[in-house]
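**Q** Got a predicted structure plus its sequence, pasted below:
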Amino acid sequence: MKKIVFLITFIFIVLVSRTQVLFNEVYTDPAAGHNEFFELYNSSTSSTPLSLDDYTIVTYFEIGKTQGFYVMDLPNLTISPKGYFVGASALPFSYQKVTNSTAADFSWNSAAFTSNNGYVKGWVKQPDNTYAEEILPADFNDFFYRRTGVGSTYTIFLYNKGVLINSLIFGTGGLASVIPAIVSMPPLFVDMSGSSPDFTINFSGYGSIPIESVNQDAGNDNGFYREGDGLCGGWNKSDNGGQHNPRVTNGYVDGYSGVISLTAIVQRGTALTGSKVVYDVIAAPSTSFPVELDVYKDNGLVISRLDANDNFLQSNTETVVTDGPFTTFFTPYDVNVLVVVKSNAGCIDKVMFVPNASILPVKLVYFQGNWENNNVILHWNVAQNELSSRFEVEKSTDGKNFTTTGSVPTTDKYGSEDYSFTEAVNTDKIYYRLKMYDKKGQAEFSKILVFEKSGNTTTNQIKIINNPATEKLTLSFSSINNQAVEIKIYDLSGRLQMNQKMNAYTGSNIVSLPLSSAFKAGVYAVEVNNGLERQTAKFIKQ
């Protein structure tokens, strides 16, 4: 088949850089006996695997006065949607504290690599501004060459059919752009294997292309990785074993990442008409445009998270902030929606979870605490943890004016989850409450817990904090150790009205119990029983 040769100019690169595949990890500095590797991530809207036969990686090297590029034509293999693709200098390969890993899809030093439309070549700049091919060693383990001097230590480019789709600038030197030495390099012709189109790279406009960067050098046996799969600006330098995990998620992008502000809301219809989601970029840095907005039905294994089981609906692009809003219709009418926001660098700025009307807010199961050794220790549990975004702990000395004293991020766990918060207290009485944020940014407050020092507190005393009680009963009791207890409420005839089991903690415990409409106005007794002793008190229900 006849090949097509492209001349890639700067203008073409900037305007045509929409893609779904980009770097997720690069292991640049292997120790002795370890192997370089890279990981690509596919955030594609497609439901089928994507061929990497048309993809090319180009890295820059500079050895003294010798300059050039290493070119890797990727093999004819595929990468799954929301999936990973790993290439290494050996298979099995070793890295950081892992030996003989089989997590790579190929080794660029194997015969299978070259027989599957792949190759690695080195091109050295000549005095006449041409390139001559360099003979590479049989076990080439320096594709991500570490250069010295002013500017970045590593420069890595990823192309799809000759179009630049991902640019990485790693290392110290004070520059946040492609170094001038590369910009002044002569055009590089890339001869692709098989039927993939050949192309020529014109570096003259690369001084202002979109890049992703880390202004730190990787130490021995380290490299670079994203904080979340495909996350814009989320690169970190690795510095210990366990931070590199090829073919395993680096973390998930949520609606609070990035710099692009988006509004999105579901307008719920019926089973007959379906529903629609209306979404729009309302603010973003000019360097983020054009912004791609990909809409999915949130059918994945974990709610609010982009994964391979989510169904793509539609994609729209905002070239300026005044474009939009956009509307996407969907069925069934009660499904939840994800809007994936991508910047012009092809990375994911955020994944906005747009709940339908049927989704319940963050559900606080309990909120309690104790005072121990001048420390207040708070414990709480939420159901539907996947809908939570973060918790802000607020405190007050008068029970009216609250200030934020700490923040607790949510975990990735699905379903029920436990949280805690501890701080030193130097006052005799203090109030705490939680401000709970969901994925939409909406906030709710918990009940208020009151902690008060008392020299008269014994292990067999319950203190009713809100007596008389109305819709809930708040009480404090002491525990000599961490243990399970039962809290029971009786009416004056001795009939059991409520039985609540909970975990008590050493010291003072505060708990709030809802009083349903079944509790008529009158006097009740509350009992805390740990199996060995009981604490009792009376309260009035209004």
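**A** Great, that's in hand.
**Q** Output the below-cut-off pLDDT ranges for the stretch 51-200 of the chain.
**A** Within the stretch 51-200 of the chain, the stretches with pLDDT under 70 are 173-175.
**Q** give me that answer again for 80
**A** Low-confidence segments of the stretch 51-200 of the chain (pLDDT under 80): 149-150, 172-176.
**Q** For it, which segments are assigned as helices?
**A** 111-115, 180-183 (DSSP state H, counting those that start in this stretch).
**Q** Please enumerate residues in contact with the shortest one?
**A** Identification of contacts with helix 180-183 by CB atoms under 8 Å, 6 or more residues apart in numbering yields 60, 62, 67, 151, 155, 203, 204, 205, 206, 207. (Glycine included, C-beta is placed from N, CA and C.)
**Q** same thing but 6 Å
**A** The contact list for helix 180-183 (CB atoms under 6 Å, 6 or more residues apart in numbering) reads 60, 203, 206, 207.
**Q** Go through these and flag which are in helices.
**A** Assigned to helices by DSSP state H, none of the contacts of helix 180-183 qualify.
**Q** just to revisit the earlier point, what's the most buried one of the helices of the stretch 51-200 of the chain?
**A** Ranked by mean neighbour count under mean count of other CB atoms under 10 Å, the helices of the stretch 51-200 of the chain are led by helix 180-183, which reaches a mean of 16.
**Q** Can you convert the helices of the stretch 51-200 of the chain into TSV and add a column each for distance to residue 195?
**A** Listed next are these as TSV, based on distance: least, CB to CB, whole Å:
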stretch	distance to residue 195
helix 111-115	16
helix 180-183	29
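**Q** Setting aside sequence-adjacent positions, which residue approaches residue 210 most closely?
**A** Nearest residue to residue 210, sequence neighbours excluded (CB to CB, 6 or more residues apart in numbering): residue 345, at 4.3 Å.
**Q** Ramachandran coordinates for that neighbour?
**A** The phi/psi pair for residue 345 (degrees, to the nearest 10) reads phi -80, psi 0.
**Q** how close does it sit to residue 213?
**A** For residue 345, the distance to residue 213 (CB to CB, to the nearest Å) stands at 11 Å.
**Q** quick one: which of those two has more around it?
**A** The neighbour comparison of residue 345 against residue 213 (other CB atoms under 10 Å) goes to residue 345, with 21 against 18.
**Q** hang on, the more buried one packs against residue 211?
**A** No. Using CB atoms under 6 Å, residue 345 is not in contact with residue 211; the gap is 7.6 Å.
**Q** where does this protein have its least confident helix or strand?
**A** Counting by mean pLDDT, DSSP states H and E, the chain has its least confident helix or strand at helix 10-15, which shows a mean of 34.
**Q** Mind listing the strands the helix or strand just after that helix pairs with, and their directions?
**A** Once the chain leaves helix 10-15, the next helix or strand it forms, by DSSP states H and E, is strand 21-29. Within its sheet, strand 21-29 is paired with strand 37-42 (antiparallel), strand 222-226 (antiparallel), according to DSSP bridges.
**Q** gap between the shortest one and the chain center?
**A** For strand 222-226, the distance between its averaged C-alpha position and the chain's averaged C-alpha position is 16 Å (CA atoms, centre = their mean, to the nearest Å).
**Q** and if you look at the longest one?
**A** For strand 37-42, the distance from its own C-alpha centre to the chain's C-alpha centre is 16 Å (CA atoms, centre = their mean).
**Q** For that strand, give the mean pLDDT please.
**A** On average, the pLDDT along strand 37-42 is 96.
**Q** Equivalent analysis for stretch 403-414, please.
**A** 89.
**Q** List the contacts of stretch 259-273.
**A** Residues beyond stretch 259-273 that count as contacts (CB under 6 Å, 6+ apart) turn out to be 275-285, 288, 333, 337, 339, 341, 349, 352, 354, 356-357.
**Q** Going through the residues you listed, which ones are buried?
**A** By neighbour count, with 16 or more other CB atoms under 10 Å, the contacts of stretch 259-273 hold 275-277, 279-281, 284, 288, 333, 337, 339, 341, 349, 352, 354, 356 as buried.
**Q** Strands - which of the residues you listed land there?
**A** Judged by DSSP state E, the buried ones among the contacts of stretch 259-273 include 275, 276, 277, 279, 280, 281, 337, 339, 341, 349, 352, 354 as members of strands.
**Q** quick one: the first one from residue 332, how far?
**A** Meaning residue 275. Counting by CB to CB, the gap from residue 275 to residue 332 is 8 Å.
**Q** Contact partners for the residue nearest to residue 185 when sequence neighbours are not counted?
**A** Spatial nearest neighbour of residue 185, excluding adjacent residues (CB to CB, 6+ apart): residue 203 at 4.9 Å. By CB under 6 Å, 6+ apart, the contact list for residue 203 reads 182, 183, 185.
**Q** Kindly report the same for residue 191.
**A** residue 198.
**Q** What distance do you get for it to residue 131?
**A** From residue 191 to residue 131 the distance is 11 Å (CB to CB).
**Q** again, but for residue 84
**A** 32 Å.
**Q** can you pull the contacts of residue 225?
**A** 25, 238, 243, 250.
**Q** go on, residue 498?
**A** Per CB under 6 Å, 6+ apart, neighbours of residue 498: residue 489.
**Q** Using neighbour counts, pick out the buried residues of whichever strand or helix holds it.
**A** Following DSSP H and E, the helix or strand that holds residue 498 is strand 496-504. Buried residues in strand 496-504, counted by 16+ other CB under 10 Å: 497, 498, 502, 504.
**Q** any idea of the mean pLDDT for that strand?
**A** The average pLDDT within strand 496-504 is 80.
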